[in-house]
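Engineer: let me see the structure of the following:
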Amino acid sequence: MARVLVVDDEAPIRLLCRVNLEAEGMEVLEAGDGPTGLEAARRERPDVVLLDVMMPGPDGWRVAERLLEDSRTGEIPIIFLTERQREAAGGDAAARELAVKDANKEAAAVLGFTSAVAAYGGFFIPKSYGTSIALTGGPQGALILFVVFYLTCIALTWWYYARRNAEMPC
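Structural biologist: Numbering: from 1, shown residues only. From the prediction side, this is the model:
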């Protein structure tokens, strides 16, 4: 089960992330500010951090720098939560709907790319002298298999999220 740390100073945003991520079978950890998020990341070592950019105290950029500098958290992927939805909050319903749609597309693209890179690292890099070569006949075969997997991830992400009349449109 993937573990996601959500760092945001606004409780409703953390709740929204929790509900959506748990619905996808992920374990969600929460932090209401940068220092608490840093501590949680060091202690819990999540698989990914969703990080708000605009927070009081150290903002998301400073928190990300500290996470990347720390040997315990430097390899954890960070996805920044954008401010588009909050900027659109003062607008009409159509503006808010467009902001949500844009954020969903960004999230789908980032998660699809991150998953493919993680699969590459998990399949090809550590096992380049072991099982993957034995299964594919050599490093070239393992790389070709990864490319096929990566293209499949892109196609599935497009099919379910981005195409016209998608089942779960963004």
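Engineer: how does this protein divide up, domain by domain?
Structural biologist: Domains of the chain are assigned by automatic domain parsing as 3-81, 93-162.
Engineer: for the longest one, what is the average pLDDT?
Structural biologist: The average pLDDT for domain 3-81 rounds to 90.
Engineer: quick one: the strands in this structure?
Structural biologist: Using DSSP state E, the strands of the chain run over residues 3-7, 27-31, 48-52, 78-81.
Engineer: Glu44 and Leu5 touch, don't they?
Structural biologist: Yes: look at Glu44 against Leu5 with CB atoms under 8 Å: they come within range, at 6.7 Å. Heads up, the C-betas are built off the backbone N, CA and C, glycines and all.
Engineer: out of these two, which sits in the busier spot?
Structural biologist: Leu5 (24 against 13; other CB atoms under 10 Å).
Engineer: now do the shared contacts for Glu44 and Leu5.
Structural biologist: Counting by CB atoms under 8 Å, 6 or more residues apart in numbering, the shared contacts of Glu44 and Leu5 are Leu29.
Engineer: rewinding a little: highest mean neighbour count out of the domains of the chain?
Structural biologist: Ranked by mean neighbour count, these are led by domain 3-81 with a mean of 17 (mean count of other CB atoms under 10 Å).
Engineer: CA atoms only: put stretch 40-49 into PDB for me.
Structural biologist: In PDB, the C-alpha atoms belonging to stretch 40-49 read as follows (Å, rounded to 0.1, in the frame of the first residue of the first chain):
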ATOM      1  CA  ALA A  40       6.700  13.300   9.700                       C
ATOM      2  CA  ALA A  41       8.700  12.600   6.500                       C
ATOM      3  CA  ARG A  42      11.800  11.800   8.500                       C
ATOM      4  CA  ARG A  43       9.900   9.600  10.900                       C
ATOM      5  CA  GLU A  44       7.400   7.800   8.600                       C
ATOM      6  CA  ARG A  45       9.400   7.800   5.300                       C
ATOM      7  CA  PRO A  46       6.300   8.000   2.900                       C
ATOM      8  CA  ASP A  47       6.400   6.900  -0.700                       C
ATOM      9  CA  VAL A  48       5.500  10.400  -1.900                       C
ATOM     10  CA  VAL A  49       4.900  13.900  -0.400                       C
END
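Engineer: what are the ranges of the helices in this protein?
Structural biologist: 11-23, 34-44, 60-69, 84-88, 93-123, 131-136, 139-157 (DSSP state H).
Engineer: quick one: Trp61 from Pro139, how far?
Structural biologist: As defined by CB to CB, to the nearest Å, Trp61 lies at a distance of 38 Å from Pro139.
Engineer: brilliant, that's me finished.
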